[in-house]
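Asks: Following is a predicted model, sequence given first.
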Amino acid sequence: MMWRQSGHRHRLTRMSTRKKVHAFVRVRPTDDFAHDMIRFGSDNKTIDIHLKKDTRRGVVNNQQTDWSFKLDGVLHDASQELVYETVAKAVVAQALDGYNGTIMCYGQTGAGKTYTMTGTTENYRHRGILPRALQQVFRMIEERPTHAITVRVSYLEIYNESLFDLLSTLPCAGPAAAPVAIAENPQGVFIKGLSVHLTSQEEDAFSLLFEGETNRIIASHTMNKNSSRSHCIFTIYVEAHSRTLSDEKYITSKINLVDLAGSERLGKSGSEGRVLKEATYINKSLSFLEQAIIALGDQRRDHIPFRQCKLTHALKDSLGGNCNLVLVANVYGEAAQLDETLSSLRFASRMKLVTTEPAVNEKYDAERMVKNLETELALLKQELAIHDSLANRAHVSYDPMDEVQVAEIHSQVRRYLDGTLEEIDVINLRQIQEVFNQFRVVLTQQEQEVESSLRRKYTLIDKNDFAAISAVQKAGLMDADGHLVGETDGQGFGLGVASYSSKPGKKPKSRRMWKEQFSASAATARKEGGSSPLSGKDVEVSTSKTQLTPLSKDADVKDMVLRDRETSNIDTLPSDSPKEELRPPRPITPPSKAVAFEDFKNERGSEINRIFKENKSILNERRKRASETTQRINAIKREMDETREALDAQKALREKQGEYEKKGLIIIDEEEFLLILKLKDLKKQYRAEYQDLRDLRAEIQYCQHLVDQCRHRLLTEFEIWYNESFFIPEDMQAALTLGSSVRPGMVPVSRIVSLGEDDQDKFSQLQQDVLPEGPESISFYNAKVKREQKHSYLKSTMGLPRAQRR
Ligand code: ADP
Ligand code: MG
């Protein structure tokens, strides 16, 4: 299992199994060993304590007299060497593989913690764990020539929650006055101001150790502090880089050798002053140490109280669940110290229950990584070059493209889109990506070009800009469906977006039906005085195929129009009067809609009609082409079928005669070969024609939309014009046009003329009364009229269903 600890350059590789904290007990040899109270099990792991009745009182407060502790080992009368082998050897060995390790000596003052950890400096044989660990580290380095391993050491003392650098006296330690403090960074916890010394050989390391020990003793004199009242942490830092340069991984580890302050509780004889202060700090830090280690072993805990004291904070990444942790409980073997012995054994057995999960500290050498990647890249480029030459490809550059190359691709894309370039050669991935990129560039440019050319010609309104839309609607430039009627500058017509509601595929109605309907509406118009607007149905009629040819060429319609002219008295109406001012006085009887429509097309509707006709002719032309293409496709298809049959026959004949084979190739005669070529050619033609047809169909659909759109526009405009020309009283029109946003013709005729007599009276009254007051009265007047109109409109709308039911 692996996880990253800090960014991508540092990670811990977990061992698959969890491990318990190892706890040992070491009994200090004595002539006065309490044989009747302390017994060791034959497994060398068990220690039993028995309290005699007479010593019980005042020692322990409960009734219990017997305890049994099972630890990882009991070291009784054990040599320093055996202690090292049992306690430290494995931890130090694993440190060189990247696992952090911590060995702590715990116990009352005088129980042998310093002896175990440091040993005596006078006698080599009595040297403790510390010098032996240093020796092991250097021996192992010698055994690993494949790795470049560096060793550094530091020596920290914590006394009354203050930190002291025991190696600060060395010249290389830097300014001695630098305050030592615990700090944290993403890589972990470190002691700021603590000198860390690089040691290349065993002897240097020993010198450092001795220097530290001396300082420890001197300090205890000069600063008046009891050396057994402080915690001392000797740290060996190991960093191992592979000598193989390609290996960018490296490991780091720390071995903390901790000589804890005496764990004895305050004597019964009431301490005070300095002793009390020391004892308080020690008690606190030792109990925090225990809490932290227990919390680390509890997988449910996510907060560990490391910062509660300097000891746990300094050891933060060395107590953690991911390191090897060993505890040595140093005890006296004498009866008088049995209470402290019991206390130390309890601590040890609690520690033993804690589990850890040792993990390797793996890091990445960024510089090596970059170098390796560069080498790899160069190698891959060579590989590519070999592949290119094997595939007979010209030299291909795989480097990032420069401006000239990008410009060349841009031009290729443009030529491809223009049709002057058949295909764009695929060279490499970078080039493909750039081609796509340039497609996007060209597309964006074209969009902008289209938009700006549209802007030059038309006034474009953002569909989401409701204010603008309503302004345009008010100005009468847009119908209810949101289609623009014409341009604001009045130079032409913007037809807006084609409506999709029309049905281009609708079956055409017969000419007869159309005629009947048209005559019927004409008749109704005559009868009801023109109150029959062309309904939606009528619009559908004109989608018929017949309608796609210009109206004037349709004989039937011509006849009908003539008949209409005969029956209605509009002979005097000049059909070619384009300007409204020139229009003669209104006829008493309005002309039929059919006749009026013809006039309208020549007059106000001429521009829309022209566009309508133009669109229709384009549509017809496309339809014709589509049908020709379809015929051609069918012909090709037939020919393909015939060719295929002929080919099959040839093949059958060949098989019957026995196939000629030469080196696995089938030999065919010329006829068959020609047939194959022909079929191939036909397929190509077929595909091309089919593509044409598809394009044509899309175009037809679009044209159809435009035609429908024009027709709708034409009819709407016609309705307005018709109403304005023949039905809305001229005086009312003038009134409505005065600064009003309503185009008179847009108001349904039936509503206008249905103004009651009272309304009419009020209307003329208003005109007489209000207008003479001056131009300021116009808006008031307009508002009044609109209110009246709305009122009567609502009245008549509500009356309409009733009228229909009748
Ligand atoms: P602590 O550090 O726990 O206060 P020390 O290590 O200073 O105790 O031990 C006190 C004395 O007992 C020292 O003189 C030390 O040499 C001696 N001593 C402790 N343990 C042993 C041992 N296992 N064998 C021989 N001498 C010991
Ligand atoms: Mg000591």
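Replies: Happy to help now that I have it. Ligands and ions are numbered 1, 2, ... in the order given.
Asks: mind checking the SS state of residue 158?
Replies: Classification of residue 158 using DSSP: H, G, I helix; E, B strand; the rest coil returns strand.
Asks: Residue 315 is in contact with that one, correct?
Replies: No - the criterion here is C-beta atoms under 8 Å, and residue 158 misses it with residue 315 at 10.0 Å. Backbone N, C-alpha and C define where each C-beta goes, glycine included.
Asks: Please enumerate the shared neighbours of these two.
Replies: Common neighbours of residue 158 and residue 315, counting by C-beta atoms under 8 Å, 6 or more residues apart in numbering, are residue 233.
Asks: residues touching residue 20, list them.
Replies: Taking C-beta under 8 Å, 6+ apart as the test, what residue 20 contacts is 352-356.
Asks: Let me know the closest of the residues you listed to residue 442.
Replies: Using C-beta to C-beta, residue 356 is the member of those that sits closest to residue 442, with 63.7 Å.
Asks: For the closest one, list each beta-bridge partner.
Replies: Listed beta-bridge partners, residue 356: residue 19 (assigned using DSSP bridges).
Asks: count of residues packed around it?
Replies: Residue 356 sits with 22 neighbouring residues when counted by other C-beta atoms under 10 Å.
Asks: Check which helix or strand the closest residue to ligand 1 within the stretch 251-400 of the chain maps to.
Replies: Sorted by distance to ligand 1 under C-beta to the nearest ligand atom, the residues of the stretch 251-400 of the chain start with residue 330, at 5.4 Å. Under the criterion of DSSP states H and E, residue 330 resides in strand 324-332.
Asks: in that strand, what counts as buried?
Replies: 324-332 (16 or more other C-beta atoms under 10 Å).
Asks: swap in stretch 403-416?
Replies: Those would be 409-410, 412-414, 416, for stretch 403-416 by 16+ other C-beta under 10 Å.
Asks: for the residues you listed, which one is nearest residue 636?
Replies: residue 416 (27.2 Å).
Asks: Surely that closest one is in contact with residue 423?
Replies: Yes - Residue 416 is within contact range of residue 423, at 7.3 Å (criterion: C-beta under 8 Å).
Asks: what residues are up against the residue in the chain positioned nearest to ligand 1?
Replies: In the chain, the residue that lies nearest ligand 1 is residue 112 (2.7 Å; C-beta to the nearest ligand atom). Residues near residue 112 by C-beta under 8 Å, 6+ apart: 26, 28, 105, 330.
Asks: Of these, which is the most crowded?
Replies: Busiest of these [other C-beta under 10 Å] is residue 330, holding 30 neighbours.
Asks: and that residue, how far is that from residue 291?
Replies: Using C-beta to C-beta, to the nearest Å, residue 330 is found at 21 Å from residue 291.
Asks: circling back: which of the contacts of residue 112 fall within helices?
Replies: Among these, no member is found in helices (DSSP state H).
Asks: Compute the inter-axis angle for whatever helix or strand residue 130 lives in and strand 324-332.
Replies: Taking DSSP H and E as the criterion, residue 130 maps to helix 129-143. Using axes from the mean of the first three to the mean of the last three C-alpha atoms, to 10 degrees, one finds that helix 129-143 and strand 324-332 are set 150 degrees apart in direction.
Asks: Now do helix 129-143: which elements does it pack against?
Replies: helix 80-87, helix 89-95, helix 113-117, strand 147-159, helix 202-222, strand 231-242, strand 249-259 (3 or more C-beta pairs under 8 Å, 6 or more residues apart in numbering; DSSP states H and E).
Asks: what's in contact with it?
Replies: By C-beta under 8 Å, 6+ apart, the surrounding residues in contact with helix 129-143 are 80-81, 83-84, 87-89, 92-93, 95-96, 103, 116-119, 147, 149, 151, 153, 201-202, 205-206, 209, 234, 236, 238, 255, 257.
Asks: For PyMOL, write a command that selects the buried ones of the residues you listed.
Replies: Here is the PyMOL command that selects the buried residues among these (16+ other C-beta under 10 Å):
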select buried, resi 80+83+84+87+88+92+95+96+103+116+117+118+119+147+149+151+153+202+205+206+209+234+236+238+255+257
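Asks: Backbone dihedrals for residue 77, please?
Replies: Backbone torsions of residue 77, given as degrees, to the nearest 10, read phi 50, psi 40.
Asks: Quick one: neighbours of the residue lying closest to it once chain neighbours are set aside, just the number.
Replies: Sequence neighbours aside, residue 29 is the residue nearest to residue 77 in space, at 6.0 Å (criterion: C-beta to C-beta, 6 or more residues apart in numbering). Counted with other C-beta under 10 Å, residues neighbouring residue 29 total 12.
Asks: cool, residue 723 as well?
Replies: Residue 723: 25 neighbours (other C-beta under 10 Å).
Asks: Quick check, pLDDT for it.
Replies: At residue 723, the pLDDT value in this model is 82.
Asks: Helix or strand: which one has it?
Replies: Going by DSSP H and E, residue 723 is part of helix 670-726.
Asks: Which strands and helices lie in contact with that helix?
Replies: Applying 3+ C-beta pairs under 8 Å, 6+ apart, one finds that helix 670-726 contacts helix 536-541, helix 593-602, helix 606-657.
Asks: Now do that helix and helix 593-602, the angle between them.
Replies: Between helix 670-726 and helix 593-602, the angle comes out at 100 degrees (the same axes, to 10 degrees).
Asks: Please tell me how far residue 33 sits from residue 46.
Replies: Using C-beta to C-beta, we find residue 33 at a distance of 17 Å from residue 46.
Asks: So if I had to pick from those two, which one is more boxed in?
Replies: More crowded of residue 33 and residue 46, by other C-beta under 10 Å: residue 33, with 17 against 14.
Asks: ok, the more buried one - contacts?
Replies: 333-334.
Asks: May I have the phi/psi pair for it?
Replies: According to degrees, to the nearest 10, residue 33 has phi -70, psi 130.
Asks: The one 5 residues further on too?
Replies: Listed backbone geometry of residue 38 is phi -120, psi 120, with angles given as degrees, to the nearest 10.
Asks: do residue 459 as well
Replies: Main-chain dihedrals, residue 459, degrees, to the nearest 10: phi -100, psi 110.
Asks: Count residues in the vicinity of it, would you?
Replies: Other residues close to residue 459 by other C-beta under 10 Å number 15.
Asks: How much space separates it from residue 471?
Replies: Distance, residue 459 to residue 471, by C-beta to C-beta: 11 Å.
Asks: Next: residue 388.
Replies: 64 Å.
Asks: Also residue 400?
Replies: Taking C-beta to C-beta as the measure, residue 400 falls 52 Å from residue 471.
Asks: And the two? Which one has more around it.
Replies: residue 471 (14 against 9).
Asks: Pretty sure the more buried one sits in a helix.
Replies: Yes - judged by three-state DSSP, residue 471 forms part of a helix.
Asks: hang on, residue 47 packs against residue 41?
Replies: Yes - counting by C-beta under 8 Å, residue 47 does reach residue 41; the two are 7.2 Å apart.
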